[in-house]
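**Student:** fold the following and give me the result.
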Amino acid sequence: MMNCPNCNAPIAPGVAFCPECGTRRPAGDGPIRVLQGRYELIRKLGQGGMGSVYLASDRRLSTVRWAVKEMSDALITSPLERHSAVEAFRHEAELLARLSHPNLPRVTDHFSEEGKNYLVMEFVPGHTLLDYMQRNGLPRPLDEALGWASQICDVLGYLHSQQPPIIFRDLKPANVMITPEGQLKLVDFGIARIFKQGQAKDTQAYGTMGYSAPEQYGRGQTDARSDIYSLGVLLHQLLTGHDPAATPFRLPPAGALNPAVPAHISAAIARATDNDPQQRFSSLAELRQALLPTSGFVQLQGQQQQAPAVWATLPVNPGPPSAAPGSQAYGAPGSQPYGAPGSQPYGVPARTTTGLATAAFWLGIVSAAWMALALAVVATGAIAGDPESLFTGFGALLAFPPLLAGPLAALLGVFALVSKETAATINGRRHAAVGVAAGTVALLLCCAVIAVIPSSSTTTGAESAALVSYWI
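**Tutor:** Numbers count the residues shown, from 1 in each chain. This is a model prediction of the structure:
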């Protein structure tokens with residue numbers, strides 16, 4: 001008997017699908033291999049810069065699944081480089097083992113076996129931020145991007161508060177995981193370093209071109225401001241869709257690429273991504289205050305908030321993963337994320353709606369109410385039994401303006417719904433949707449008015465035709 005690679009439920013021999021979640025049984029009954037006599041590697045989840053990641057079951061804890069990271073040195077020919085890679089892997093393991101934060105993966109074990117090094121972490125289904133961006137497109141709505149920035153500010157602030165400070169140095173979409181609940185987790189600490197006070201520059205250049213600060217390429221020593229630079233670049237990409245690798249160290253103003261980005265957000269990003277570290281924010285607290293200056297962004301230590309609604313686009317039980325780097329999650333489940341956007345995005349002083357959405361909203365509401373009044377007047381004439389009564393004629397004339405305004409409201413609402421400018425506001429899409437719905441209701445009420453007029457006629461067809469003349 002083997003366990004399901006997706007939900008860990010037992011699958012009896014000869015059964016093709018898991019009885020709990022329906023996942024197809026792997027081709028072989030046995031694991032790929034067993035490590036330490038305990039961790040059964042079930043399948044490969046993905047492959048990244050530090051090696052492969054496997055889904056593993058635990059012979060001691062049958063209901064627990066792990067993400068086991070294996071460092072591969074197959075392509076390393078130099079003994080010195082191989083030694084450096086092993087040391088980097090061990091550094092990552094020891095670094096993560098002593099950290100505890102909701103936005104960091106919790107390491108439970110690390111060891112060497114048969115010349116390879118392994119890192120054991122709690123497994124949570126999810127996708128990288130890069131996968132999410134490719135699936136849902138860019139730019140992202142302002143409240144969503146700022147909610148993610150808040151979570152990253154929290155975890156980077158935690159790293160920078162360590163003694164000595166820990167500098168992540170490789171913040172990019174591929175190294176940020178999103179759980180199905182919307183919680184972010186930083187992964188791949190292979191190039192994280194402990195800041196050494198007084199050192200003039202880094203001994204090695206690490207990072208990803210476009211996302212990493214200039215000082216990471218031999219121009220100086222990295223510190224907290226280097227991570228602030230990377231966060232500014234990431235936020236710029238989320239809000240504009242601009243690929244930072246296309247113009248390293250020369251990002252166009254965010255507001256110029258996306259007019260929906262508020263001026264204070266664009267200015268904060270520009271300062272965070274200044275090539276001169278002295279001109280950047282000195283701390284994440286300063287960046288946080290500049291991005292979202294009102295009290296809605298300020299969070300108490302340990303306060304938990306509702307996760308962003310990204311779960312609607314991320315499957316809880318994803319299908320077979322691709323070989324793309326980081327296609328599956330690392331990290332621990334459980335805690336709610338810090339700084340996730342709720343119904344009101346963190347005190348953003350941006351517009352709550354757009355003129356187009358507002359016009360659709362009020363035009364639709366007034367049209368529907370006006371047409372309802374016309375229907376009531378026409379119905380009064382129908383009850384009186386006189387098709388040529390004053391009520392019938394007045395009601396028909398009363399229905400004419402909303403007959404034109406209703407479709408116009410629905411049309412404006414549709415235009416507003418597909419507008420990127422509306423998507424970046426707080427209530428724009430809601431107002432646009434109400435405009436579409438109210439305009440549609442006005443048209444349905446108009447049909448009711450037309451139906452009521454001939455039903456009130458008890459005379460000849462010529463008299464009924466005369467009533468229709470009220471609409472001409």
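
**Student:** what pLDDT is listed against Gln47?
**Tutor:** You'll see Gln47 listed with a pLDDT of 75.

**Student:** that one looks like it's in a strand, true?
**Tutor:** Yes. Using DSSP: H, G, I helix; E, B strand; the rest coil, the assignment for Gln47 is a strand.

**Student:** what's the spacing between Gly137 and Leu238?
**Tutor:** 11 Å (C-beta to C-beta, to the nearest Å). All C-beta spots, glycine's among them, are computed from the backbone N, C-alpha and C.

**Student:** ignore what I typed, I meant Thr273.
**Tutor:** Taking C-beta to C-beta as the criterion, Thr273 is separated from Leu238 by 13 Å.

**Student:** I figured Leu412 was touching Thr354, is that so?
**Tutor:** No. With contact defined as C-beta atoms under 8 Å, Leu412 does not reach Thr354; the gap is 10.6 Å.

**Student:** so where does Gln151 fall, helix or strand?
**Tutor:** Under the criterion of DSSP states H and E, Gln151 resides in helix 142-160.

**Student:** got it, and Gln237?
**Tutor:** Gln237 is part of helix 224-240 when elements are defined by DSSP H and E.

**Student:** counting contacts, what elements does that helix pack onto?
**Tutor:** helix 142-160, strand 166-167, helix 254-257, helix 263-272, helix 284-291 (3 or more C-beta pairs under 8 Å, 6 or more residues apart in numbering; DSSP states H and E).

**Student:** for the longest one, which helices and strands make contact with it?
**Tutor:** It refers to helix 142-160. Against helix 142-160 (3+ C-beta pairs under 8 Å, 6+ apart) you get strand 166-167, strand 184-186, helix 224-240, helix 284-291.

**Student:** ditto for the fourth one
**Tutor:** Counting by 3+ C-beta pairs under 8 Å, 6+ apart, the packing neighbours recorded for helix 263-272 are helix 224-240, helix 254-257, helix 284-291.

**Student:** now it: buried residues?
**Tutor:** Within helix 263-272, the residues scored as buried using 16 or more other C-beta atoms under 10 Å are His264, Ile265, Ser266, Ala268, Ile269, Ala270, Arg271, Ala272.

**Student:** same thing with the last one?
**Tutor:** Of the residues in helix 284-291, Leu284, Leu287, Arg288, Ala290, Leu291 count as buried by neighbour count, 16+ other C-beta under 10 Å.

**Student:** just the C-alpha atoms of it, please, in PDB.
**Tutor:** Provided in PDB are the C-alpha atoms of helix 284-291 (Å, rounded to 0.1, in the frame of the first residue of the first chain):
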ATOM      1  CA  LEU A 284      11.600  49.500   5.500                       C
ATOM      2  CA  ALA A 285       9.600  51.500   8.000                       C
ATOM      3  CA  GLU A 286      10.300  54.700   6.000                       C
ATOM      4  CA  LEU A 287       9.300  53.000   2.800                       C
ATOM      5  CA  ARG A 288       6.100  51.700   4.400                       C
ATOM      6  CA  GLN A 289       5.200  55.100   5.500                       C
ATOM      7  CA  ALA A 290       5.900  56.700   2.100                       C
ATOM      8  CA  LEU A 291       3.900  54.100   0.200                       C
END
